[in-house]
Structures are given as structure tokens and as C-alpha cells.
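Student: Here is my input, please return the structure:
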Amino acid sequence: MSLIVENAVKMTLIIITTTGLCNLNCSYCGGSLPPSIVPIKETYDLQLLIDFIRKMRADVAFYGGEPLINSNLIMRVMDELGEGRHYIIQTNGTLFENLPLDYWLMFDTILLSIDGREYVNDHYRGKGNYKTVLRTAKLLRSAGYDGDLIARMTLWYLSDVYLDVTHLLNLGIFDHVHWQLNVIWTDRWNFIKWAKDSYLPGIRRLISLWIREMEGGRILGIVPFLGVMKVALFGEWRSPPCGAGKDTFTVLPNGKIIACPIAIDSQWAYVGSLMEHEIRKVEIGEPCTSCEYFRYCGGRCLYAYKERLWGEEGFKEVCYVTKETIKSILDVEGEVRKLIEEGRVDKEGLYYPPYDNTTEVIP
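Tutor: Model (predicted):
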């Protein structure tokens, strides 16, 4: 691994895992993280974290577990750092009252975990969860929150990408919707059949809707579509697309720094600590770097690339679905460019995300 020079400003985002605890136990996740690996609260000197973030001139995202279980750390960090950077939080949206409203309104991006239609979401995340998360979203809007409110989805066997994404967009609450595919944590399931029968046809149907709305001057906030089109239109890309291991790093409650927030016990992901003066970079290599779609997907997910928990065959299945998704988006690039030329769509409105807001872009 190569080293980042101590005083070089390379990072754009520091993700702070505030706790390993979670108050939910979603069916595709695992609930709380082992406290022996991810403590329930920070064990480091806060000043080390503040100095590290300032040195790197980084934006800050809060993560968990469920980050609001340790809301005290969130408030202390924001109080110390003040303005001048982007603040982001990924939360399950069930502990709204744990954080005073003033702090909620300081966030540039809030990602609320919600998996689409009510019965789909509650099947995965627990009965009543859908209503609780929407209550939080509505409270934020009624309080005047005008930042980027994102519905953060996980898609699994019960999900219909078209129906679930359009459902969330039609609520009129969320600015953007982005999703992950459940292809890491659970045992291998019949993903490729679901993808061919449901997901990929749903993607193409969703793209058609995306274009129709653009013809009327409205850009639907569908993050994977915007992310791929951003590469096509502006030529900006990175690997991996979330920046993990290159310019995005995660600080665990014990002060360890890892390349990816979910790689909590992977030796390859350990890149340093708050007590060290240098941290290492982790990169994606072959077969991804030689692929014609590499500039669009960036290797997709660093953790999935390194761990390959579904084996090589499973890795290739996800890769196939990724390529088909990218192809379908690029198929409408000409139409998008034409709409821009005709003045029906503002090109700048397709520049998303404008900063690293933890959306992984490629599901």
C-alpha cells in the first residue's frame, strides 16, 4: 500500500462511526456490531479527532450502528468544528428526539433508511418502521429543513425497484432516492433470477420515466442515474465511486481508521489510527481496472471487491447486473444531451452529487 504524505490534503470526507449499537435488527443486516470490534461509544480523546479532521480539511458524516444512539458525540464534533464544511448523517430515522433541532438543521445531507412501500419496508425493517421514518421526514420539513433529504433503500427479493423508488419520490418529501442491493450481508440467494425478472426490467422502466420527466423540465432525484450521467456529461469519476480507501475514510469509536465503514474487522481495511501521522490508501485493481465500464462504476464497492463473500461466481453476477444497469443509463445519454441543448433541462441540475454525501451511486 502507498502512503499519504502527512500534510497532504487528499481526503474529502471523514465518516465518524459514533457507536456500534443499533436499535433495530433488520432482516438483511445484523443489528448491533460486536462491541469488542466497534465499541458502544468513543474511547479516544475527542481533540485527536478534531485535529485530524481539521488537518484534512474534510467534510464529516456520522454513521453507526445507529449514530443517534451516541448523539452526544455528534453535538460535540459539530460544536468544535463549526461551519465551513458539509455535515452528513446516515440514520434509521427512529430517534429524532435524540438530537436537538438546531443540529438537524445544520446537516447538508440527511439520509433516512426506508426501503420503499410500507409493506416492503416493514417486512425488512420491522412493523411500524415505515410510519416512524416518515414522521421524522415530515418533522424535518415542517421545521424548515431545506437540505438534501435522501431516502436510502436496500433492495432484496420482495423489492420492485420501479414501484418502490417511484413510491418514495411521489411522497413529495425526499429530494433524492438511492439504493443498495442486498448482495453482501445475507447468505447467497437467487439474485440473478430476481435481477433478470424484476430488477433490470424495472431499471429500464424507471429510466423511461426519468427521461419523460426531463422532457417536461423536471429531473427526478434518482441517484444511480445521476451518478452515471455525471460521468458521461462532466467526465468526473473516481474509484471506488464512494471514495472509500482513497479520499473517504472511517474513524471507529476505538480510534482506528478504516478504508470502508462496513469493513470493521478486515485486515486489508485497516489504514491507521488517530494516534498515527500517516494513513494508507487501498485501491481496486483487476479485473475491474481493465473493464470498459470501469470509469462509470469505479469497481462498484471496495468491500465487495475485496471480500467476495459470494465467491467468484456471485461477484460476476453482481458485475453483470452493474454493467447492464450502466448500459441502460448510457442508452439515453443522447436524449439527455439533446434536452440540454434545447434548454429543457439545466445541465448543472445533473451534476450530482455535488460533494461526497455518502451515496454510493452504483448499487
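Student: so what pLDDT did Cys29 get?
Tutor: On pLDDT, Cys29 comes in at 89.
Student: go on, the one 4 residues further on?
Tutor: At Leu33, the model reports a pLDDT of 94.
Student: same thing with the one 5 residues further on?
Tutor: pLDDT for Val38: 97.
Student: Now do the same contact list for it.
Tutor: Thr17, Thr19, Gly20, Gly65, Leu252, Pro253, Asn254, Ile264 (Cβ atoms under 8 Å, 6 or more residues apart in numbering). All C-beta spots, glycine's among them, are computed from the backbone N, C-alpha and C.
Student: Also Gly243?
Tutor: Contacts of Gly243 (Cβ under 8 Å, 6+ apart): Thr12, Leu13, Asp356.
Student: how about stretch 205-221 as PDB, C-alpha atoms only?
Tutor: Output of stretch 205-221 as PDB, limited to C-alpha atoms (Å, rounded to 0.1, in the frame of the first residue of the first chain):
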ATOM      1  CA  ARG A 205     -38.900   1.300 -16.900                       C
ATOM      2  CA  LEU A 206     -37.500   3.800 -14.400                       C
ATOM      3  CA  ILE A 207     -35.100   5.200 -16.900                       C
ATOM      4  CA  SER A 208     -38.000   5.800 -19.300                       C
ATOM      5  CA  LEU A 209     -39.900   7.700 -16.600                       C
ATOM      6  CA  TRP A 210     -36.700   9.700 -15.800                       C
ATOM      7  CA  ILE A 211     -36.500  10.800 -19.500                       C
ATOM      8  CA  ARG A 212     -40.200  11.600 -19.700                       C
ATOM      9  CA  GLU A 213     -40.000  13.800 -16.700                       C
ATOM     10  CA  MET A 214     -36.900  15.600 -18.100                       C
ATOM     11  CA  GLU A 215     -38.800  16.300 -21.300                       C
ATOM     12  CA  GLY A 216     -41.100  18.300 -19.100                       C
ATOM     13  CA  GLY A 217     -38.200  20.100 -17.400                       C
ATOM     14  CA  ARG A 218     -38.100  18.000 -14.200                       C
ATOM     15  CA  ILE A 219     -35.100  16.000 -13.100                       C
ATOM     16  CA  LEU A 220     -36.100  13.100 -10.800                       C
ATOM     17  CA  GLY A 221     -33.500  12.600  -8.000                       C
END
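Student: quick revisit: adding secondary structure and pLDDT, write the contacts of Val38 out as TSV.
Tutor: Compiled in TSV, the contacts of Val38 are given as follows (DSSP: H, G, I helix; E, B strand; the rest coil; pLDDT from 0 to 100):
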residue	secondary structure	pLDDT
Thr17	strand	98
Thr19	coil	98
Gly20	coil	97
Gly65	coil	96
Leu252	coil	98
Pro253	coil	98
Asn254	coil	97
Ile264	coil	96
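Student: Show me which of these is closest to Ile74.
Tutor: Lowest distance from Ile74 to those (Cβ to Cβ) belongs to Thr19, with 10.3 Å.
Student: Quick check: the gap between that closest one and Leu112.
Tutor: Distance, Thr19 to Leu112, by Cβ to Cβ, to the nearest Å: 18 Å.
Student: Please apply the same query to His178.
Tutor: Distance, His178 to Leu112, using Cβ to Cβ: 11 Å.
Student: Mutual contacts of these two, please.
Tutor: In contact with both His178 and Leu112: Ile150, Ala151, Arg152, using Cβ under 8 Å, 6+ apart.
Student: where does the stretch 1-150 of the chain dip in pLDDT?
Tutor: Within the stretch 1-150 of the chain, the stretches with pLDDT under 70 are 1-11.
Student: Okay, strands next: where are they in it?
Tutor: Under the criterion DSSP state E, counting those that start in this stretch, strands of the stretch 1-150 of the chain are mapped to 13-17, 59-63, 87-91, 109-113, 148-155.
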